[in-house]
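In: mind looking at a prediction? Sequence and model below.
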Amino acid sequence: MTNLASQVAPSKPVTFSQAEQALLEAQDLSMLYAPGKGFEGVDLSLYPGEVLAIVGESGSGKTTLLKTLSGRLAPQSGSVNYCLEEGQTAALYQISEAERRSLIRANFGIVHQHPMDGLRPRVSAGGNIGERLMENGWRNYQQIREQALTWLKAVEIDPSRIDDMPLTFSGGMQQRLQIARNLVTHPKLVFMDEPTGGLDVSVQARLLDLIRNLVTELQLAVVIVTHDLAVARLLAHRIMVMKQGQVVESGLTDRVLDDPRHPYTQLLVSSVLQQ
Ligand SMILES: Nc1ncnc2c1ncn2[C@@H]1O[C@H](COP(=O)(O)OP(=O)(O)OP(=O)(O)O)[C@@H](O)[C@H]1O
């Protein structure tokens, strides 16, 4: 394992009641830009409060799948259903574009690998957080600023930086700000694409610890794309392994990493152990 694993203790195994209705369900989902480029035949169920890691080599289709699951890229075939409340489900690609946008705004968080892809560069840190509240109907300036201050503290950013522009922040701070902007509206489901990629190992460890605490505290369901098995081990209850656009193995994190069954997963796990 990398240094990262030794700096953050692994999360406790949790089981999810399969009797509960899935929050997100994908059936026979495919999106290929060209043969072998994208993903095909993906089935998946995610339960409330569950963290699912999608792992696999570069180009295996992880980001494309994440975009489709989060309503940002229509599949060529298959369905994605989101459970609005017990017994009420929305088919993400059968509702109108406006309905899908509003569903995403109210229920999903989307954390990009490069924080500036998810932040507005010409808006202050406080404004970046407050904007999300305004999009969800908040109007009282004082309350919005108070929430922004609370969330800056929650993601360990000095509240005195509230009026500073995100471009004056370090990469780690920008990523924490992007997380605050996403979580301020208490989404039920958050999609993360390599949220610790491109950061120093010590910054990664701090960020991972923060993400793990927030996920537990807010009981978030998360789909996280990572090529780093240590990140998956620390955060995820379940892992899905992708190779060339196909899911080759999935299961509880400890089972997949400690007893990998598919030769490709065995290769991934053994290559990490040799580092
Ligand atoms: N907009 C696009 N148009 C055409 N091909 C694309 C597009 N986006 C991605 N691809 C191709 O689809 C395949 C899967 O890409 P994807 O980004 O989903 O993989 P990934 O597993 O997330 O890789 P990485 O870990 O490097 O981000 C790659 O071959 C990629 O080049």
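Out: All right, it came through fine.
In: enumerate every residue touching the closest residue to the ligand within the stretch 151-275 of the chain.
Out: Closest residue of the stretch 151-275 of the chain to the ligand, Cβ to the nearest ligand atom: residue 227 (5.4 Å). Quick note: C-beta positions are derived from backbone N, CA and C, even for glycine. Counting by Cβ atoms under 8 Å, 6 or more residues apart in numbering, residue 227 makes contact with 55-58, 62, 194, 197.
In: filter the residues you listed to the buried ones?
Out: 55-56, 62, 194 (16 or more other Cβ atoms under 10 Å).
In: quick check on residue 192: phi, psi?
Out: Per-residue torsions, residue 192: phi -130, psi 130 (degrees, to the nearest 10).
In: tell me, how many neighbours does it end up with?
Out: Number of residues near residue 192 (other Cβ atoms under 10 Å) recorded here: 26.
In: looks to me like the residue of the stretch 151-275 of the chain closest to the ligand is in a helix.
Out: No. Residue 227: not assigned to a helix; according to DSSP: H, G, I helix; E, B strand; the rest coil it is coil.
In: pLDDT below threshold where in this structure?
Out: 1-19, 273-275 (pLDDT under 70).
In: show me the helices in it, by range?
Out: 3-7, 62-69, 97-107, 125-135, 141-154, 171-183, 201-217, 229-235, 253-258, 263-273 (DSSP state H).
In: between the fifth one and helix 201-217, how big is the angle?
Out: Following axes from the mean of the first three to the mean of the last three Cα atoms, to 10 degrees, one obtains 120 degrees for the angle between helix 141-154 and helix 201-217.
In: what sits up against helix 141-154?
Out: So helix 141-154 is contacted by 125-127, 129-130, 133-134, 138, 158-159, 161-162, 177, 180, 183-184, 214 (Cβ under 8 Å, 6+ apart).
In: can you name the farthest residue from the center of the chain?
Out: residue 142 (30.0 Å; Cα atoms, centre = their mean).
In: coming back round to it: make a markdown table from the contacts of residue 227 and add distance to residue 248 to it.
Out: Below are the contacts of residue 227 laid out as a markdown table (distance: Cβ to Cβ, whole Å):
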| residue | distance to residue 248 |
| --- | --- |
| 55 | 11 |
| 56 | 8 |
| 57 | 11 |
| 58 | 16 |
| 62 | 13 |
| 194 | 20 |
| 197 | 22 |
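In: out of the residues you listed, name the ones that lie in strands.
Out: Residues of those located in strands (DSSP state E): 55-56.
In: adding distance to the ligand, write the helices of the chain out as TSV.
Out: Converted to TSV, the helices of the chain look like this (distance: least, Cβ to the nearest ligand atom, whole Å):
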stretch	distance to the ligand
helix 3-7	18
helix 62-69	3
helix 97-107	19
helix 125-135	25
helix 141-154	28
helix 171-183	17
helix 201-217	16
helix 229-235	13
helix 253-258	17
helix 263-273	13
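In: got TSV for those helices, with distance to residue 43 too?
Out: What follows is the helices of the chain, written out as TSV (distance: least, Cβ to Cβ, whole Å):
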stretch	distance to residue 43
helix 3-7	30
helix 62-69	12
helix 97-107	21
helix 125-135	32
helix 141-154	35
helix 171-183	27
helix 201-217	24
helix 229-235	19
helix 253-258	17
helix 263-273	18
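In: that older thread, any of the contacts of helix 141-154 buried? List them.
Out: 125-127, 129-130, 133, 138, 161-162, 177, 180, 183-184, 214.
In: residue 268 and residue 260 touch, don't they?
Out: Yes. Between residue 268 and residue 260 a contact is recorded at 7.4 Å, counting by Cβ atoms under 8 Å.
In: between the two, point out the one with more neighbours.
Out: Taking neighbours as other Cβ under 10 Å, residue 268 and residue 260 compare with residue 268 leading, 23 against 20.
In: how about the contacts made by that one?
Out: With Cβ under 8 Å, 6+ apart, residue 268 has these contacts: 55-57, 229, 241, 260.
In: got phi/psi on the residue of the stretch 151-275 of the chain closest to the ligand?
Out: According to degrees, to the nearest 10, residue 227 has phi -100, psi 0.
In: could we number from 58 for the rest of this?
Out: Will do, 58 is the new start, and the previous item becomes residue 284.
In: can I get the contacts of residue 325 in JSON lines with distance to residue 88?
Out: Formatted as JSON lines, those follow (distance: Cβ to Cβ, whole Å):
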{"residue": "112", "distance to residue 88": "19"}
{"residue": "113", "distance to residue 88": "15"}
{"residue": "114", "distance to residue 88": "18"}
{"residue": "286", "distance to residue 88": "25"}
{"residue": "298", "distance to residue 88": "18"}
{"residue": "317", "distance to residue 88": "26"}
